[in-house]
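1. let me see the structure of the following:
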Amino acid sequence: MKMSNTKEKILKCAERLFSLNGYDATSVQDICKEVGISKGAFFHYFPTKESLFLEVLDFWLSELYEKLEEKRKEEKEVFQSIIKMGEIFKDIFSQSEQKLFLFLEFLRRSTKDERIINGLRNYYRRYKEYFSSLIEEGINEGSIKKIDPDLLSRTLISFAIGTILQEIFSPDEDWEKLSLEGMKLILSSIKKEVD
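-> Residues are numbered from 1 along each chain as shown. Sure thing, here's the model as predicted:
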C-alpha cells in the first residue's frame, strides 16, 4: 500500500529532527511546524510521538531490507550477491550525518523503552535469519564452503554495526572503501574454490 504524501513528509522530518536534536528534545509541535500541518493532522497518522519514532525505525530498516533484496537480485551466485550487498555501506555513509546519529538515538532510547528494544530485537532476528538462509543457499549451490550459517550471519551483522560505529569515531577515513575491503576479507575465508 502506498504511503500518503503527508505521512511520508512527517516521517522524513521526524527522522531528521530526531537525529539532530534527539528524541526528548524533539516535540510534536516542532515536527508539525516544519511539515506545515496541524497537531490534529499529525495525530491522524501517529497516535503518539513514540509510535512515530517506532515507525521511523521501521521505515529506515525496511528501506535497508529492500536495498539488500535489490543487490541479491543483481547477482545469480549467493557469494557474489553478499559482496554486492557491501555496496550498501556507500548509501549509509553518504547519509552519515543523519542516519548514524539516528542509529545511536534508537540505541539510547532502547535502554528506556521496552517497545523500542523489542523493535530493534525483531529487526536483528530478521536480518540474522535473512543472512543465515542466504548463506545456507550459498552452501547448497556450492559458492560458499560448509560453515555454520548462523555464526557467519552474526559475524556479518557485527561487522556492519561495528563499521557504522567506527565511522562516528573517525569520520575522516574512507569508510566506504574500508567496509568493502573488510567484507571481502571476511568472505574470502568462506568462498568455495572450484576443483
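
2. if you count neighbours, what's buried in whichever strand or helix holds Tyr65?
-> Secondary structure from DSSP states H and E places Tyr65 in helix 49-74. With burial defined by 16 or more other C-beta atoms under 10 Å, the residues of helix 49-74 counted as buried are 49, 52-57, 59-61, 64, 68, 71-72. C-betas here are computed from N, CA, C, even on glycine.

3. the lengthiest helix in the chain packs against which elements?
-> The longest helix of the chain (DSSP state H) is helix 114-141. The criterion is 3 or more C-beta pairs under 8 Å, 6 or more residues apart in numbering; DSSP states H and E, and the helices and strands that helix 114-141 contacts are helix 49-74, helix 78-85, helix 96-110, helix 149-169.

4. in TSV: those helices, plus mean pLDDT and distance to Glu141.
-> Below are those laid out as TSV (pLDDT from 0 to 100; distance: least, C-beta to C-beta, whole Å):
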stretch	mean pLDDT	distance to Glu141
helix 49-74	88	13
helix 78-85	88	6
helix 96-110	79	33
helix 149-169	90	13
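
5. any chance of JSON lines for these, columns distance to Ser143?
-> As requested, the helices and strands packed on helix 114-141 are exported to JSON lines (distance: least, C-beta to C-beta, whole Å):
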{"stretch": "helix 49-74", "distance to Ser143": "13"}
{"stretch": "helix 78-85", "distance to Ser143": "4"}
{"stretch": "helix 96-110", "distance to Ser143": "31"}
{"stretch": "helix 149-169", "distance to Ser143": "13"}
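
6. wait, which of those helices is closest to Ala25?
-> helix 96-110 (10.4 Å; C-beta to C-beta).

7. can you give me the angle the helix holding Tyr65 makes with helix 96-110?
-> Here the directions of helix 49-74 and helix 96-110 differ by 120 degrees (axes from the mean of the first three to the mean of the last three C-alpha atoms, to 10 degrees).

8. helix 49-74 packs against which elements?
-> Checking 3+ C-beta pairs under 8 Å, 6+ apart, helix 49-74 ends up next to helix 5-21, helix 78-85, helix 88-94, helix 96-110, helix 114-141.

9. okay, which residue is most central for this structure?
-> Centroid-nearest residue in the chain: Leu61, 4.5 Å away (criterion: C-alpha atoms, centre = their mean).

10. hmm, Lys7 and Val35 touching each other?
-> No - if you go by C-beta atoms under 8 Å, Val35 and Lys7 don't touch, sitting 10.0 Å apart.

11. so who does the spatially closest residue to Gly182 that is not a sequence neighbour touch?
-> Using C-beta to C-beta, 6 or more residues apart in numbering and skipping residues adjacent in sequence, the residue nearest Gly182 is Phe159, 6.1 Å away. Residues in contact with Phe159, defined by C-beta atoms under 8 Å, 6 or more residues apart in numbering, are 182-183, 186.

12. among the residues you listed, which are in helices?
-> Of the contacts of Phe159, the ones assigned to helices by DSSP H are 182-183, 186.

13. now tabulate the residues you listed in TSV and tack on distance to Pro171 and neighbour count.
-> Below are the ones in helices among the contacts of Phe159 laid out as TSV (distance: C-beta to C-beta, whole Å; neighbours: other C-beta atoms under 10 Å):
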residue	distance to Pro171	neighbour count
Gly182	17	17
Met183	20	21
Ile186	23	16
